[in-house]
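> Fold the stuff below for me.
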Amino acid sequence: MDTNNLNQLSIEEKRALLAQFMQKKSQEETTANIPPENYQFDCFPEYQQMKRRHENFHENFAANGIVNPYFTVHQGINNNKTVIEGRELINYSSYNYLNLSGSSSVNQAAKEAIDLYGTSVSASRILSGERPIHLELEKEIANFLGVDNSIVFLSGHATNVTTIGHLLGAEDLILSDALIHNCAVQGSILSGARRLYFPHNDWHTLDNILEKQQRQNYRRVLIIIEGIYSQDGDIPDLPKFIEVKKRHKALLMIDEAHSIGVIGKHGAGIGEYFGVDRTDVDLWMGTLSKAFASCGGYIAGSNALVEYLKYTAPGFIYSVGMSSANTAAALASLRVLRAEPERVTQLHRQAKRFLELAQNFGLNTGASKNTPVIPVIVGDSFACMLLSQLLLERGISVHPTIYPAVAEDAARLRFFLSCSHTDEQIDYTVKIVAEELAKIQGNTTISNLSQIENN
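Predicted structure coming up:
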């Protein structure tokens, strides 16, 4: 604005203009000292840290010919075999435990559901997204587990986050196993409850913690454990945890992501495995992406629990209902499991064969027992990555789990067994693992990743 125009303004207009100028100046001064890392994604410290890790990988792994194993494209169906870059490999890197993902009956059920209901239910179930197939699946899950009712969510991770985050609050205490999955951790953080962790599978220490915490200081106390721990393939002593929860009037939640459809004579999970009264566990959680060949998660338990979640859980009422194809696939898988229990029997047999053979070859399988999750602990991240690649070259797909996902001395390959793995595949795999690992351990030039990480 030039001087002539300014002179033509009234006193009130000049004051308003001055106030506008001062406000703009104040805003500029307020934001002048805000650094880019607070508002530009590429400057976020977390992103920069991740970027450095990627650079370290290229400098220390790629330089030694090791290919990045993450986001590998698998072509076709993952069962006991997989295809990567046109090569057919023996597959231990996915959890299609009962070989139901890709089965003709499950595929057909999903296709028929799409023809009947479309690819999306296009609404939250509390509004117009409810379909008969949702209710069938929830009823079937509850019946299989021997509880009143169940509710299905869009993903296993979201199931735990929204359920734990919704049921617990600032007046409560959550006690989780030290190796509990990230989804339970995130749900616990969301809840605002006090969070404590007890040593892995140590029900005795859990009992002592509850004694010291004084139960009356909290409204609700939730204990969270898993049916099978996904890194170690071990099973908690459920009857002991039930005793502890009863003694302290706590709630007990079990994440059965890797145990439902997998352990127990008929695959009904850790409850069947130990023969406990199902009502002694307050929240049975499971995923639909593993034994049930679909995508999603569930919470099963009392009618009161399920009714409350259906009307109030944010991750349920503010989200679209599960797609017809995923719902139908899970339902068909559960029905096949119940009609063909030999799948579970065969899974148990093949897992036992792999574990015993691995131990006979002197491989460190950690605490794994009676489960199809079998680690081979290498104890060095670099060696673990190298072993994974050497196995890939010899026709075996198995993913490495390295620091910081596990401690450096616990770096491992994690083998997921399937009922479709053959004796020949298992025998060949264990022999080659032992052979290649022996070569690596005899190579003194291998660097330890812990040294790389500190650079």
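> Is Pro375 in a helix, a strand, or coil?
State at Pro375, reduced to three classes by DSSP: H, G, I helix; E, B strand; the rest coil: strand.
> Kindly state the beta-bridge partners for it.
Per DSSP bridges, the residues bridged to Pro375 are Arg414.
> Now do it against Phe198, distance only.
22 Å (CB to CB, to the nearest Å). Just so you know, the C-beta spots here come from the backbone N, C-alpha and C atoms, and that holds for glycine as well.
> Looking at those two, which is more packed in?
Pro375 (25 against 22; other CB atoms under 10 Å).
> list the contacts for the more buried one?
Going by CB atoms under 8 Å, 6 or more residues apart in numbering, Pro375 touches Gln231, Asp232, Gly233, Thr365, Gly366, Ser368, Thr401, Arg412, Leu413, Arg414, Phe415.
> of all those, which comes closest to Arg353?
Phe415 (11.9 Å; CB to CB).
> who touches the closest one in this structure?
Counted by CB under 8 Å, 6+ apart, Phe415 has contacts Tyr92, Phe354, Val373, Ile374, Pro375, Val376, Val398, Thr429.
> at 6 Å what do you get?
Each residue near Phe415 by CB atoms under 6 Å, 6 or more residues apart in numbering is listed here: Tyr92, Ile374, Val398.
> Can you add pLDDT and neighbour count and give these back as a markdown table?
A markdown table is the format used below for these (pLDDT from 0 to 100; neighbours: other CB atoms under 10 Å):
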| residue | pLDDT | neighbour count |
| --- | --- | --- |
| Tyr92 | 98 | 27 |
| Ile374 | 98 | 25 |
| Val398 | 97 | 22 |
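> Going by distance to Tyr117, which of the contacts of Pro375 wins?
Arg414 (36.5 Å).
> The closest one: neighbour count?
22.
> now do the one 10 residues further on
Glu424 is surrounded by 9 other residues when neighbours are defined as other CB under 10 Å.
> go on, Leu288?
For Leu288, using other CB under 10 Å, the count is 31.
> That one and Met322 touch, don't they?
No - counting by CB atoms under 6 Å, Leu288 stays clear of Met322, with 8.5 Å between them.
> Quickly list what's touching both of those two.
In contact with both Leu288 and Met322: Gly296, using CB under 6 Å, 6+ apart.
> how's the protein carved up into domains?
Under the assignment automatic domain parsing, the domains of the chain span 57-91+341-453, 104-339.
> My guess is Leu331 contacts Leu137. True?
Yes - counting by CB under 6 Å, Leu331 touches Leu137, with 4.5 Å between them.
> any idea which helix or strand comes after the helix or strand harbouring Val161?
Using DSSP states H and E, the element containing Val161 is helix 156-167. Later in the chain than helix 156-167, the nearest helix or strand by DSSP H and E is strand 173-177.
> mind listing what that next one pairs with, with the direction of each?
strand 194-198 (parallel), strand 221-226 (parallel).
> what angle do that strand and helix 156-167 make?
Angle, strand 173-177 to helix 156-167, by axes from the mean of the first three to the mean of the last three CA atoms, to 10 degrees: 150 degrees.
> which residues sit against strand 173-177?
184, 188, 193-197, 200, 218, 221-225.
> how does it look with 7 Å?
168, 184, 188, 191, 193-198, 200-201, 206, 209, 213, 218, 221-226 (CB atoms under 7 Å, 6 or more residues apart in numbering).
> Thr401 touches Glu408, doesn't it?
No - Thr401 is not in contact with Glu408 according to CB atoms under 7 Å; the separation is 11.6 Å.
> And the helices in the stretch 51-200 of the chain, which stretches?
For the stretch 51-200 of the chain, the helices defined by DSSP state H, counting those that start in this stretch cover 104-117, 132-145, 156-167, 182-191.
> To which secondary structure element type does Leu252 belong?
What three-state DSSP gives for Leu252 is strand.
> Quick check: it vs Ile270, distance?
For Leu252, the distance to Ile270 - CB to CB - is 11 Å.
> same deal with Asn143?
For Asn143 relative to Ile270 (CB to CB), the value is 18 Å.
> Of those two, give the one with the bigger neighbour count.
Ile270 (23 against 14).
> contacting residues around the nearest residue to the more buried one once chain neighbours are set aside?
Excluding the flanking residues, the one nearest Ile270 by CB to CB, 6 or more residues apart in numbering is Gly227, at 3.9 Å. Gly227 sits next to Ile254, Asp255, Glu256, His258, Ser259, Ile260, Gly269, Ile270 when contact means CB under 7 Å, 6+ apart.
> Now do Gly227 against Pro199, distance only.
For Gly227 relative to Pro199 (CB to CB), the value is 18 Å.
> shaky segments in the stretch 1-150 of the chain?
Counting by pLDDT under 70, the stretch 1-150 of the chain shows low-confidence ranges at 1-7, 25-29.
> those strands in it, which residues are they?
81-84, 87-91, 149-153 (DSSP state E, counting those that start in this stretch).
> Surely Val344 and Ile263 touch.
No - counting by CB under 7 Å, Val344 does not reach Ile263; the two are 8.5 Å apart.
> Looking at these two, which is more packed in?
In this view Val344 and Ile263 are compared by other CB under 10 Å, and Ile263 has more residues nearby, 26 against 22.
> Kindly provide the distance from that one to Asn149.
23 Å.
> Same check on Ala293?
For Ala293 relative to Asn149 (CB to CB), the value is 23 Å.
> Do you have the helices of the stretch 201-350 of the chain handy? List them.
According to DSSP H, counting those that start in this stretch, the helices that the stretch 201-350 of the chain contains are 203-213, 238-247, 270-274, 303-312, 314-317, 324-339, 342-360.
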